[in-house]
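Undergrad: Give me a model of this one.
(chains A, B, C and D)
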4 protein chains.
Amino acid sequence: ASNFFLLCGPCAIEGEDMALRIAEKVVAITNKLEIPYVFKGSFKKANRSRVDSFTGIGDEKALKILKKVSDTFGIPTVTDIHEISDAYLAAQYVDVLQIPAFLVRQTDLLVAAAETGKVVNLKKGQFMSPEAMKHAVQKIKDSGNEKAWITDRGTMFGYQDMIVDFRGIPTMRQYAPTILDVTHSLQQPNQSSGVTGGRPDMIETIARAGVVNNVDGLFIETHFDPANAKSDGANMLHLDLLEKLLTNLVTIRKTVNGLG
Amino acid sequence: ASNFFLLCGPCAIEGEDMALRIAEKVVAITNKLEIPYVFKGSFKKANRSRVDSFTGIGDEKALKILKKVSDTFGIPTVTDIHEISDAYLAAQYVDVLQIPAFLVRQTDLLVAAAETGKVVNLKKGQFMSPEAMKHAVQKIKDSGNEKAWITDRGTMFGYQDMIVDFRGIPTMRQYAPTILDVTHSLQQPNQSSGVTGGRPDMIETIARAGVVNNVDGLFIETHFDPANAKSDGANMLHLDLLEKLLTNLVTIRKTVNGLG
Amino acid sequence: ASNFFLLCGPCAIEGEDMALRIAEKVVAITNKLEIPYVFKGSFKKANRSRVDSFTGIGDEKALKILKKVSDTFGIPTVTDIHEISDAYLAAQYVDVLQIPAFLVRQTDLLVAAAETGKVVNLKKGQFMSPEAMKHAVQKIKDSGNEKAWITDRGTMFGYQDMIVDFRGIPTMRQYAPTILDVTHSLQQPNQSSGVTGGRPDMIETIARAGVVNNVDGLFIETHFDPANAKSDGANMLHLDLLEKLLTNLVTIRKTVNGLG
Amino acid sequence: ASNFFLLCGPCAIEGEDMALRIAEKVVAITNKLEIPYVFKGSFKKANRSRVDSFTGIGDEKALKILKKVSDTFGIPTVTDIHEISDAYLAAQYVDVLQIPAFLVRQTDLLVAAAETGKVVNLKKGQFMSPEAMKHAVQKIKDSGNEKAWITDRGTMFGYQDMIVDFRGIPTMRQYAPTILDVTHSLQQPNQSSGVTGGRPDMIETIARAGVVNNVDGLFIETHFDPANAKSDGANMLHLDLLEKLLTNLVTIRKTVNGLG
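TA: Purely as a prediction, here's the structure:
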């Protein structure tokens, strides 16, 4: 019966200035729209298609920027982890540890994340059914941590496309608060170039469908210059488009909250 | 900027009483909610999984019932056709000729339907991309008929499941008014029993996602006793649930119409 | 324990000369390799993507050419039918009536084909599981005709690709003699051009995998000039490549026949 | 033009006795059939569906058993790694480091494996196209190691099924020696029980289709008592069935080697 919350920020932490600049803008928008906001940024990128893809500016350097964003604006932050040692490292700087979709079946990583006591945001594998996420959530709970979230980032559909199955939203909300990742859900992987493509023109379509179905949170990657971002430029939403999108979505959610 | 319209009725015309009973109820609801209403009923079922499945009560008998519904309530009607000769026959009784999803690549059938001058409702094949429907619409236009509609009834996802790709709604609306078939989209085909299954519990989820994305129409199969219906009982919405569903959807659409 | 049989010929009957020319060449090859041969040609094309695609040279004209091929070379022939009236018409000229994949759920068409007493070759729908073909075969048998064949022509995989599931070969051979359509299985549908693409470079890969798994028959569309064929040029095998392909496949089958 | 090689053994190293017992049996068969043999066993299982699934007997204990198998029979061994630290650890005991399918996009892990100088066997992600494996192989080569292998273990097909795309064999053989994992390819994931199912009855079907298409290697998990194995019992081949299977496959390969 409340508003959705928002995980939002750049794909990767490219530097302090860009992180603060994006956070400041999103904080202003979400304050105005009364959307609880968690700043998102990857401190390293570990699963790029090619070895020469951008992987980060340095782990601790990026994590300290996340902490600075948190301190500056008084907001929680989220970052994704890829190894057991990342869990303990990142937990010193952020509030939510996110498990990437490819890694959500790695039990040791989930247990390590859970044991930090932080919120653990489990991305549904592109190869997993919504129902299978029940087992991932259970691994967090069996490790003594009740704070699991699920994020849907789409499901493989053929080799070069992804699709969002909206039957998954009510299904996964039975297990944990469920977030819709509207930017990665629109990726088009396995392109012959080795660089993942996308359909950012469909962000509002997908986001509306989630919000109207009571999704608990939205995940949106954004940048003030997507074309020159160090990673995932094909999918990020231009920061200038964020306010109008969120304004529409909040209006829809308010209507939904009033339904019988 | 207006309300969605509704194609609604039983899967098959099982008799005059049941047709009038369903129509009367839906007319009352749609009048109240100001939803333009087209009564739907198949005059024969031609593509059942098994030869002993119900196929109809007789072609002209069923078509005359459709005409009686139309005359009684002053509403248009729609039925699906399977052969060229069906086009001319059905056009004498109904206002909209619907091309089943399996048959939407049969050029002769589309041309025959188009040449009647009736509205032609083209169901997207479960094996077709939204973009491919452009060619189906073009066949109607090339036959001198501008009144094509498209209906999405889901896309194959593995052997025993279907999924709705909501990117298809804005895509197909570029070609023609687009309807979301919320009951067939939730079918689960190729079940070992030879009887198609379904997920009717997800009807509102799928319908909301369509309405919030400006779909032009909704297609809903309904019955006052789905468990004992002659066909598709696993997917039809119970008639008692229709008013609350449509009330929510109209509220959502009004909000969407007011968005920036 | 015997050789596979072959359904082979051009996609469409474009004229008498081309039909006889192709048949003569294939007869020579299959006689040499002791492959039972059924000449294949469509007398009309009914499900093209676009209304301006080639649809045929005239129904009876094309059927008479099929009969002439049969008489000239003493071989059976197969053609595909799209409407109930086609069944009775085509049965006067050919030995095997083929049901297109899109139409294999149309009960009336299957019953009409079965009632001619001809062999009925049922193409598995691109949207059907191998197991679901059991019901299609049963419809032929329930109509008093025991002579059903099944042909696999691939299964939808995303919007723009097809895949062959080789688990389907032993599964469908439980229901009826099973044929692998190696040219259509390699189609890539829903291309933005409105013309289906293909991967003819993979024909031998797919054919070998079928033959080594005891498929009963192969279906291969061939032409002496695929690039200028009236339909399906992207998928047909060049006639010059047929002998080497079949020679390899017969060698493989002989080995398989000797396995424990 | 030579025989295929074989990666074969139990899913997990459950103890020394079972490992030696399985190796002894497979060595006898592969010596007789002149198949180059690599003993396979996981030293830990890191991606089970449930936290209470079996994960191993202890890392070094299991790795020492792999070394003992190697020393006892004079054969190479392969095991899968899940973290960067695993690469250096396992490289002290085995000859081939295998990257699990879920982890094949983790650049750091691939680089760590490559830097050991061992052969790196890259499992194709269930969510990846054959073409995308080119980039994974390139990461190994860019790390100064030319000894990459690719293993296909099937591709997601809907939520609860996998399929093998045989077009991938010739495609991936352009990048590196390509192995077909015939037991994992027949898994059926995301079952409601939380335990992956399978179709072991189709092992020979899939294996034949690979061997007839010149696959470089086969990967087969086997056990003398699959029903009581600690993991993946639904998919392993009973050890008693291995000799007949391999005998057939070698016969097929010899025929293929003689083709034009």
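Undergrad: Distance check, the residue lying closest to residue A:63 once chain neighbours are set aside against residue A:77.
TA: Beyond its immediate neighbours in the sequence, the residue positioned closest to residue A:63 (CB to CB, 6 or more residues apart in numbering or on different chains) is residue A:93, lying 4.0 Å away. Backbone N, C-alpha and C define where each C-beta goes, glycine included. Distance of residue A:93 to residue A:77, computed by CB to CB, to the nearest Å: 8 Å.
Undergrad: overlap in contacts of these two?
TA: Taking CB atoms under 8 Å, 6 or more residues apart in numbering or on different chains as the contact criterion, the residues that touch both residue A:93 and residue A:77 are A:66, A:67.
Undergrad: These two: who's more crowded?
TA: Regarding residue A:93 and residue A:77, a neighbour count based on other CB atoms under 10 Å in any protein chain shown identifies residue A:77 as having more, with 26 against 19.
Undergrad: Please report the distance of the more buried one from residue A:92.
TA: When CB to CB is applied, the distance between residue A:77 and residue A:92 equals 12 Å.
Undergrad: Pick out the residue of chain A closest to chain C.
TA: Scanning chain A for proximity to chain C using CB to the nearest CB identifies residue A:158 as nearest, at 1.6 Å.
Undergrad: Contacts only, for residue A:35.
TA: Contacts for residue A:35 were tallied using CB under 8 Å, 6+ apart; they are A:3, A:4, A:5, A:6, A:29, A:246, A:250.
Undergrad: quick check, nearest of those residues to residue A:97?
TA: Distance ranking of those against residue A:97, using CB to CB, places residue A:5 first at 16.4 Å.
Undergrad: What is the neighbour count of that closest one?
TA: Using other CB under 10 Å: residue A:5 sits among 20 other residues.
Undergrad: Identify each buried residue in stretch A:85-93, please.
TA: Applying a neighbour-count criterion of 16 or more other CB atoms under 10 Å in any protein chain shown, the buried positions in stretch A:85-93 are A:86, A:87, A:89, A:90, A:91, A:93.
Undergrad: scratch that, stretch A:24-35 is what I was asking about
TA: Applying a neighbour-count criterion of 16+ other CB under 10 Å, one finds A:25, A:26, A:27, A:29, A:30, A:33, A:35 buried in stretch A:24-35.
Undergrad: Distance to residue B:185 and secondary structure added to the residues you listed, as CSV?
TA: Listed next are the buried residues of stretch A:24-35 as CSV, based on distance: CB to CB, whole Å; DSSP: H, G, I helix; E, B strand; the rest coil:
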residue, distance to residue B:185, secondary structure
A:25, 38, helix
A:26, 35, helix
A:27, 39, helix
A:29, 34, helix
A:30, 34, helix
A:33, 32, helix
A:35, 31, coil
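Undergrad: Between these, which sits nearest residue D:54?
TA: The shortest gap between residue D:54 and any of the buried residues of stretch A:24-35 belongs to residue A:35, at 43.9 Å (CB to CB).
Undergrad: Can you read off the pLDDT for that closest one?
TA: The confidence metric pLDDT takes the value 98 at residue A:35.
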